[in-house]
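Undergrad: Fold the following and give me the result.
(2 chains)
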Number of protein chains: 2
Amino acid sequence: VNEKLHVPGFLAGGVSCGVKKNGAKDLALISCPSGATAAGVFTTNQVKAPPVLLARERARRAVARAIVANSGCANAFTGEKGMADARSVTQRVAEVLGVAEREVLPASTGVIGGPLAVADIGRAIPGLVAGLSPGGWQDAAEAIMTTDTHPKLASRWGRLPEGHIRIVGIAKGAGMIEPHMATLLVFLATNARVEAPLLREMLREACNASFNRITIDGCMSTNDSAIVLASGTACRGAIRKGSPSAARFSAMLLEVCRELAERVVADGEGATKTVKIRVGGGRSEKEACVAAYAVANSMLVKTAIGAADPNWGRIVQALGASRAKLNPERLLLRIGEASIVRRGCYAGEAEEEKARKVMRRPAYEIRIDLGMGRGESEVLTCDLTEEYVRINASYRS
Amino acid sequence: VNEKLHVPGFLAGGVSCGVKKNGAKDLALISCPSGATAAGVFTTNQVKAPPVLLARERARRAVARAIVANSGCANAFTGEKGMADARSVTQRVAEVLGVAEREVLPASTGVIGGPLAVADIGRAIPGLVAGLSPGGWQDAAEAIMTTDTHPKLASRWGRLPEGHIRIVGIAKGAGMIEPHMATLLVFLATNARVEAPLLREMLREACNASFNRITIDGCMSTNDSAIVLASGTACRGAIRKGSPSAARFSAMLLEVCRELAERVVADGEGATKTVKIRVGGGRSEKEACVAAYAVANSMLVKTAIGAADPNWGRIVQALGASRAKLNPERLLLRIGEASIVRRGCYAGEAEEEKARKVMRRPAYEIRIDLGMGRGESEVLTCDLTEEYVRINASYRS
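TA: Next comes the predicted model:
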């Protein structure tokens, strides 16, 4: 058992309940019997799944004691029945755990539009609860996977004046990934004591700098949710806003989120490469971000990344077509240590050959300067491969 | 010889000059010895290729007598040298044709960033000119192809009071296709007499309703150009703004553009299906258009189209994530004759099965009502297949 994947006061687990037809784990539970402060950020898709609406409402309450999440079915665009189904799952979890229904936050991920197999889930809950354990995070991480090829876990710990603080997080990603002011599915647990407003602020900042800076296919899900539970159990006191401990805790939270975000991109559907698109020289941070996403989401750039082909003309094309203003005569473009374009001029085949070598690495950076100002931003992306198409052509069959 | 592919007063041709390494035709010439009124619409990409800048400037002049276009190299992001190269090609064409250099409009398509093989092109021009013929449109259409699998030609004719009018058009497409206030490469020729301002207006309208409503991969090229030449040779008089003839000529022009646009999508890189996304019920035409593009460019929707999988949840996701406002409770969604979502409710598996059958057809419609207003728009898209990735992973190698 990996000791780093424990957070005092939390139990976790995952089982197969039959939502996924292949018998893989598909139901996860995270429990905090003593109660935790909760904070969440959720999808900004106009079509929000019933479990998202319910979790968002309940995350605002004083105390949360559990998160129940299924994979294989998103319970999205399912209307009133979908909402009743989400409530019914949390009610059953509450009964078996002996807590209030409003203290249980639901989440679902998988195919959009189909009904949730509430009966199957209900039957599996007693066994799931009975098997909960401090070391059950691996099982929980597996049970929220859809087309992910492996579970994603990350943790940090630190000795603060307020106590020996741990943060554990799990995430799932793979497809329909371009979080926007929200994320995919991410659950974080900590034994720190943090009041809800501060916790919300910290989570939002951490998500903005991690999950909100990645893209696999430019598709924002209906079910994106990131939830943090803070039990406060290990604490000699609450972490106060503006204190050195708040800064350290924020940094730890961000590190966990960044590590999970990077793993999500690296495990993008069919992905073989992780590439950070760093844009500087924008008229504003927002324009730099727009330019970074334009490159990060370009099907032609992503295909060239997959082929390790330094086809930099496609990057220029994507930048030029974006809403971000650029100065073609001052444009800079680097792929790893290769300077392909300097002050608007192509640097020649030797640099391109250098870039080709960089592009064979599993991870590297593409740096762009728009030549307009001081705005900076970055986005993490992956390549587009035939495997992405294969996975998504057969996802439901 | 197809008589419909003649326009009195125009000669066309295409040869191989060596820009493409495989020996395929790569240099096209369209000539109008008597001189023509020209109008053009060009890419709105901030990075405009030198030939685009030159053609745009020259299309504004009184008389145009030739269009010279190469494939295999876009001569884009090539700076002052690229501009000198484009000028030098048109100068050589002008010399051989015996016309003024400013009467020759250039165009290039292919890989962005590399230098134009001006010497190879120059050597091929005398032979190209010598081989020009009224029936040479097929060769010209072949010579502008990049990853297109077949040449694209369309024509219309009509008896108007002003004369027996013909319009012939050729186009290339295949990848980096999401024209925006401009198009891919399209050359149109007519023997009608139309003054430049009216011709420009008609071309803009025709492009907006045809090339500006298609997408293959959401990538707007640096070289998009549509140019029409009107020789006026067959005319008993000019077509006047507001006349019934202007309406008929506009309709003919639009038909030629639509037919070419449809062929471009049907021959999209790796494409096996052509799908029209029709959106109604938007708060405005613009929002309906935004929603249509959101669906038309979604990698997940395009992959589902390729797999003939009625995974309608992905369409709902794409709509919800777009900037177009929708009312989830009033949403309608039809795939061909299958009503999948009615007033926000999933219609059940029988309809989905019906949709699956529709999706096996090579062409069909997806109709969406956003439930917000009366704004309507439509976009033509194709599927995303493994072949698209294969083509673009090996495009330069």
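Undergrad: Quick check: phi and psi at the residue nearest to residue A:253 when sequence neighbours are not counted.
TA: Closest residue in space to residue A:253, ignoring its immediate chain neighbours: residue A:206 at 4.6 Å, by Cβ to Cβ, 6 or more residues apart in numbering or on different chains. Where you see a C-beta, it was placed from the backbone N, CA and C, and this is true even at glycine. Dihedral angles of residue A:206 (phi, psi; degrees, to the nearest 10) stand at phi -60, psi -40.
Undergrad: Run through the residues that contact residue A:206.
TA: A:250, A:253, A:254, A:256, A:257 (Cβ atoms under 8 Å, 6 or more residues apart in numbering or on different chains).
Undergrad: can you give me the strands for chain A?
TA: Assigned strands in chain A, in chain order: A:11-15, A:27-42, A:64-73, A:104-111, A:152-160, A:163-172, A:185-190, A:225-230, A:274-282, A:332-335, A:338-342, A:345-346, A:363-369, A:375-382 (criterion: DSSP state E).
Undergrad: Is the longest one positioned near chain B?
TA: Looking back up the chat, that one is strand A:27-42. No: with Cβ under 8 Å from any Cβ of the partner chain as the criterion, chain B is not reached by strand A:27-42; the gap is at least 12.9 Å.
Undergrad: which regions of chain A sit below the pLDDT cut-off?
TA: A:1-3, A:175-183, A:213, A:216-221, A:234-235, A:395-397 (pLDDT under 70).
Undergrad: Pull out the buried positions in the longest helix belonging to it.
TA: Of all the segments assigned as helix in chain A under DSSP state H, the longest by residue count is helix A:244-266. Neighbour counts over helix A:244-266 (16 or more other Cβ atoms under 10 Å in any protein chain shown) mark A:245-246, A:248-250, A:252-266 as buried.
Undergrad: Can you pull up the residues of the stretch 251-397 of chain A that come close to chain B?
TA: A:298-300, A:303-304, A:306-307, A:309, A:311-314, A:316-321, A:325-326, A:328, A:341, A:344-346, A:384-386, A:388-390, A:392-397.
Undergrad: List the residues that contact residue A:382.
TA: Residue A:382 touches A:216, A:265, A:266, A:268, A:271, A:272, A:273, A:274, A:275, A:302, A:305, counting by Cβ under 8 Å, 6+ apart.
Undergrad: and whichever residue of the stretch 251-397 of chain A sits closest to chain B, how many residues sit next to it?
TA: Distances between the stretch 251-397 of chain A and chain B by Cβ to the nearest Cβ are smallest at residue A:313, namely 2.4 Å. Using other Cβ atoms under 10 Å in any protein chain shown, residue A:313 has 26 other residues around it.
Undergrad: Would you agree it is in contact with residue B:73?
TA: No: counting by Cβ atoms under 8 Å, residue A:313 does not reach residue B:73; the two are 10.2 Å apart.
Undergrad: who touches both of these two?
TA: B:111, B:114.
Undergrad: one step back: in CSV: the contacts of residue A:206, plus distance to residue A:336.
TA: Shown next, in CSV, are those (distance: Cβ to Cβ, whole Å):
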residue, distance to residue A:336
A:250, 31
A:253, 30
A:254, 25
A:256, 27
A:257, 25
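Undergrad: Residue A:256 contacts residue A:188, correct?
TA: Yes: judged on Cβ under 8 Å, residue A:256 makes contact with residue A:188 at a distance of 6.5 Å.
Undergrad: what do those two both touch?
TA: Residues touching both residue A:256 and residue A:188 (Cβ under 8 Å, 6+ apart) are A:167, A:168, A:169.
Undergrad: Looking at the residues you listed, which one is closest to chain B?
TA: Closest to chain B, out of all of the shared contacts of residue A:256 and residue A:188 and judged by Cβ to the nearest Cβ, is residue A:169, at 24.5 Å.
Undergrad: I'd like the distance from the closest one to residue B:158, if you could.
TA: The spacing between residue A:169 and residue B:158, counted by Cβ to Cβ, to the nearest Å, is 68 Å.
Undergrad: higher neighbour count, the two?
TA: The neighbour count for residue A:169 versus residue B:158, taken as other Cβ under 10 Å, is higher for residue A:169 (26 against 16).
Undergrad: ok, now which ones touch the more buried one?
TA: A:153, A:154, A:155, A:186, A:187, A:188, A:189, A:256, A:257, A:260 are the contacts of residue A:169 under Cβ under 8 Å, 6+ apart.
Undergrad: Any of the residues you listed buried? List them.
TA: Buried among the contacts of residue A:169 (16+ other Cβ under 10 Å): A:153, A:154, A:155, A:186, A:187, A:188, A:189, A:256, A:257, A:260.
Undergrad: between the contacts of residue A:169, which is nearest residue A:120?
TA: Ranked by distance to residue A:120 (Cβ to Cβ), the contacts of residue A:169 are led by residue A:187 at 21.7 Å.
Undergrad: Now for that closest one: which residues touch it?
TA: By Cβ under 8 Å, 6+ apart, the residues touching residue A:187 are A:30, A:67, A:69, A:107, A:140, A:144, A:169-171, A:226-229.
Undergrad: for the nearest residue to residue A:157 once chain neighbours are set aside, what are its contacts?
TA: Leaving aside its chain neighbours, residue A:157 sits nearest to residue A:166 (4.5 Å; criterion: Cβ to Cβ, 6+ apart). The contact partners of residue A:166, by Cβ under 8 Å, 6+ apart, come to A:4, A:6, A:7, A:8, A:155, A:156, A:157, A:190, A:191, A:234.
Undergrad: The first one against residue A:155, yeah?
TA: The reference is to residue A:4. Yes: counting by Cβ under 8 Å, residue A:4 does reach residue A:155; the two are 4.7 Å apart.
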